[in-house]
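Chemist: Task: produce atomic coordinates for the following.
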Amino acid sequence: MIPRLSLVLGGASSGKSVFAEGLVASAGGARVYLATAEAHDAEMRARLDRHRARRGPEWRTIEAPRDLSPALGQAQAGEVVLLDCATMWLSNHLLAESDLAAAEAALMGALAACTAPVVVVSNEVGLSVVPDNALARRFQAAQGALNQRLAARAGLVVNVIAGLPQVLKGRLP
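Modeler: The predicted structure is shown next:
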């Protein structure tokens, strides 16, 4: 059984989403995929299509690039939710010039109130150099802080490197 909140971290193309999908599938409930990415170009559309095909028809997909509260509020006992990913969600809010504190408070409240277990995928951005522009530095700081707050609330935290999971907190089911 997976905890009510799990966090799967990793770098870009580290295998974190594939690992998280397997974690959700192993829980045995109906699978709900909260997609935060938006397809603004052909390459991104193709990427999202590949991810959807990899997951297969067993997943119910809800597109929620910014407002995750309604989707998390609709999740039911017997379902398992995969939120993929917090990094895109944060980027969407930064680019929309949202109130990040309010958006994060709403997300944390929705995660706490969700009746289904939730697995959150997020990029680890603390292993790279300090970016050379203000927006990128703001993003890196906000992502690091969000990951820390998610990890503090999560019963399971896993870092995926080269497709290999390393448990940082809790125990794999």
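
Chemist: rest of the way, CA atoms for contacts and neighbours
Modeler: OK.

Chemist: Give me the contacts around stretch 79-92.
Modeler: 17, 20-21, 24, 27, 29-37, 65-66, 75, 116-123, 139, 142-143 (CA atoms under 8 Å, 6 or more residues apart in numbering).

Chemist: Could you rerun that using 6 Å?
Modeler: Identification of contacts with stretch 79-92 by CA atoms under 6 Å, 6 or more residues apart in numbering yields 29-37, 65-66, 116-123.

Chemist: With stretch 64-76 instead?
Modeler: By CA under 6 Å, 6+ apart, the list of residues contacting stretch 64-76 reads A35, T36, A37, W89, A110, C114, T115, A116.

Chemist: now the second one, nearest residue through space, not along the chain?
Modeler: Leaving aside its sequence neighbours, T36 sits nearest to P65 (CA to CA, 6 or more residues apart in numbering; 3.9 Å).

Chemist: quick one, phi/psi of the one you found?
Modeler: With angles defined as degrees, to the nearest 10, P65 sits at phi -70, psi -30.

Chemist: Show me where the chain has its helices.
Modeler: Along the chain, counting by DSSP state H, helices occupy 16-27, 42-55, 69-74, 86-95, 100-113, 134-153.
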